[in-house]
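In: Based on what follows, work out the 3D shape:
(chains A and B)
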Amino acid sequence: MSAHTIARRCALAMLLASGSAMPAAAQTPPAGRIEIAIGPTWTGGASMTPLSVTETQAGGTPRTVLTIARDWTSTIGVESRIGVRIAPRLDLEAAGSYARPQLNVTTANDVESASPVTASDQLQEYAVGGAGVWFLRPRGADTRTQPFVTAGLAYARQLHQPGTLAQTGTMFDVGGGVKRVLMTRSGTLTGVGLRADIRARTRSRSLALDDRAHVSPMIGVALFMRF
Amino acid sequence: MSAVRTTRAAARVIVAAAFLASHVQPAFAYLHYGVPANGTTVTLKWTQTPRYYVNAQTAVDGVSNADFQATVAKAFATWDAVPTSVLSHQFAGLTSAEPGVDDGISVLGFEMQADLDRVLASTDYVVDEVTGQLLESDIFFNSAYPWSIAANGESGKYDLQSIALHETGHFSGLGHSALGETTLLPDGGRQVISAEAVMFPIAYPAGSIAARTLKADDIAGISDLYPGAAAASFGSISGHVTANGAGVFGAHVVAIDAATGQMVGGFSLDAKGDFSIGALSPGPHLLRVEPLDDADLDSFFSNPSAVDVNFQVAFVDRVIIVPSGADSGIVSIAVVAK
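Out: Numbering: from 1, shown residues only, chains lettered A, B, ... in the order given. Next up, the predicted model:
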């Protein structure tokens, strides 16, 4: 290989390097950019462990007198987020959500042949927490589609029949999604877009009747505004 | 089994139902005894630490006097250990007094009562007719039956600890629970298939030791009568049972904890069908209503003809939330005739 060839290759490498570095430097987002989002969510149902209601027989062994199935129904809710960009690929978010899942308790196998019944209770579920959002690609002014992964933790409070009883616990979300910038502009409001994400939501054991954590699918769509 | 002697002048009443009569309390969680006093009804309970004596001569084949003392002490200690109740019993000593005598002291012992049909043991009370205060309670264990104190029970013999636990529940003021299933025997008696309360009126067959442990229903009952600080978070469910718009008397209403499956029972106790079940853990519950058909009605009520057993078992079709330290609000249950 001649010295000339080496020199040309070095120059090309420099150009390539600078060619990729220059736009990256231009895409570096300003620190402290804020994004506010709000939109509906759908959270899937979850089944808790079935329960046998028993009486004790003379030998000390249990005899099932009925069985109970316990479920949370799927529910539509609303979620709002405020995020702060703290690194080119990382946002931190504070989030709040509200949903109204239904607790269903269904009886079966009654020893005295009582007709099965599904008894229900309409819950109000509030959650407040935080999440991290990691973007899979660096975001730039010309990057309209921004896939991301996210994980978050929230304090949750379930109210049974308003005012009668509250149960508290945590909810852990992990998932991913995509943001699509629909409009950019200069000024205070710098962008508007849509966000869609799919998550696995884990409700902690203290929220469940069977003292176990339960995972439900969750889909969210939100309109976001950047400032 | 339990019975009541009204204070001083009245003769001893052997049949419990004679006392239960119309004086069951429209109260919580359990069938509590009510005492008519000064024109009102007072819940039968100890207002002072109950002290009990053991008859010094009491003993039967296989159960010495020391065995008897130790076994009844264990039974009382089981009730005393309920963390949500403040009741505590005290052993006062041995005595030559017999149970069932109005002598101002509570005495436990064996007695031969071969004439009593299917009565393993019985508790009775002396009550101050003016104040309704419980003054004395005696328990006799029927020595006409074979008894055992063996750790694992003995075939053909009744477990003294199990029966003592039931009777000491009466001693403390508890009535019968209806949480159990039975089958009728050819001789007119009943055999327990299963039960979920020590205070179920029919004993397990001889040899069983299954009733040595208190159940949720027993714990609710004693906690409701003698609530400790830890019972402050308990709540209640109240409401009424009707059929064709009329109140149902004597319906067995069972609250089932949707988290644990534990059951606590109560009864509709008046002509309007009103019931109240107390000392319940906060949280979602199911309500199940059934006719009182697994024990003799006079185990619960002295006016069994007033008890409606002609309706179908039913569940309430909504989850009843028991709040902490409060009542669920009125739950209306309409049942359908069989």
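
In: remind me which residues of chain B are low pLDDT?
Out: Applying pLDDT under 70 to chain B flags the ranges B:1-31.

In: swap in chain A?
Out: Checking chain A against pLDDT under 70 turns up A:1-32, A:141, A:162.

In: what does it put close to chain B?
Out: Applying Cβ under 8 Å from any Cβ of the partner chain, one finds that chain A approaches chain B through A:51-60, A:63, A:65-66, A:68, A:70, A:103, A:105, A:107, A:110-115, A:117-121, A:160-161, A:164-165, A:167, A:209-211. All C-beta atoms are positioned from the backbone trio N, CA, C, and that covers glycine.

In: Just the buried residues out of these, in PyMOL syntax.
Out: Buried residues among the residues of chain A next to chain B (16 or more other Cβ atoms under 10 Å in any protein chain shown), as a PyMOL selection:
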select buried, chain A and resi 51+53+54+55+56+57+58+63+65+66+68+70+103+105+107+110+114+117+119+120+121+160+161+164+165+167+209+210
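
In: B:Glu129 contacts B:Leu135, doesn't it?
Out: No. B:Glu129 is not in contact with B:Leu135 according to Cβ atoms under 8 Å; the separation is 10.3 Å.

In: Show the contacting residues for the residue nearest to B:Pro50 when sequence neighbours are not counted.
Out: In this structure, B:Pro50 finds its nearest non-sequential neighbour in B:His89, 5.2 Å apart by Cβ to Cβ, 6 or more residues apart in numbering or on different chains. For B:His89, the contact set (Cβ atoms under 8 Å, 6 or more residues apart in numbering or on different chains) comprises B:49-52, B:76, B:79-80, B:168, B:171-172.

In: ok, back up a step: would you mind telling me which of B:Glu129 and B:Leu135 has more residues around it?
Out: B:Leu135 (19 against 16; other Cβ atoms under 10 Å in any protein chain shown).

In: right, and that one touches B:Asp124 too?
Out: No. Checked against Cβ under 8 Å, the pair B:Leu135 and B:Asp124 is beyond contact range at 11.7 Å.

In: quick one on the thing from earlier: what separates the residue nearest to B:Pro50 from A:Arg203, distance-wise?
Out: Distance from B:His89 to A:Arg203, counting by Cβ to Cβ, to the nearest Å: 45 Å.

In: So which of the contacts of B:His89 belong to strands?
Out: Here DSSP state E is the test, and the contacts of B:His89 give B:51-52 as lying in strands.

In: Pipe the contacts of B:His89 into TSV and attach neighbour count per row.
Out: Shown next, in TSV, are the contacts of B:His89 (neighbours: other Cβ atoms under 10 Å in any protein chain shown):
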residue	neighbour count
B:Thr49	9
B:Pro50	21
B:Arg51	14
B:Tyr52	23
B:Phe76	22
B:Trp79	23
B:Asp80	18
B:Thr168	27
B:Phe171	27
B:Ser172	24
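
In: out of the contacts of B:His89, which are inside helices?
Out: Counting by DSSP state H, those place B:76, B:79-80, B:168, B:171 in helices.

In: What are the boundaries of the strands in chain A?
Out: Secondary structure of chain A (DSSP E): strands at A:34-43, A:46-47, A:51-56, A:62-72, A:75-87, A:90-99, A:102-108, A:118-135, A:145-160, A:165-184, A:191-203, A:214-226.

In: Neighbouring strands - and their directions - for the longest one?
Out: It stands for strand A:165-184. Strand A:165-184 has its sheet partners listed here by DSSP bridges as strand A:145-160 (antiparallel), strand A:191-203 (antiparallel).

In: Next: the shortest one.
Out: As defined by DSSP bridges, the strand partners of strand A:46-47 come to strand A:62-72 (antiparallel).

In: List of residues touching the partner strand?
Out: Applying Cβ under 8 Å, 6+ apart, the contact partners of strand A:62-72 are A:45-57, A:101-111, A:114, A:123, A:203, A:209-210, A:214, A:216, B:181, B:193-194, B:256, B:258, B:261, B:286, B:288.

In: Can you get me a residue count around A:Arg89?
Out: Neighbouring residues of A:Arg89 were enumerated by other Cβ under 10 Å; the total is 16.

In: do the same with the one 3 residues further on
Out: Residue neighbour count, defined by other Cβ under 10 Å, stands at 15 for A:Leu92.
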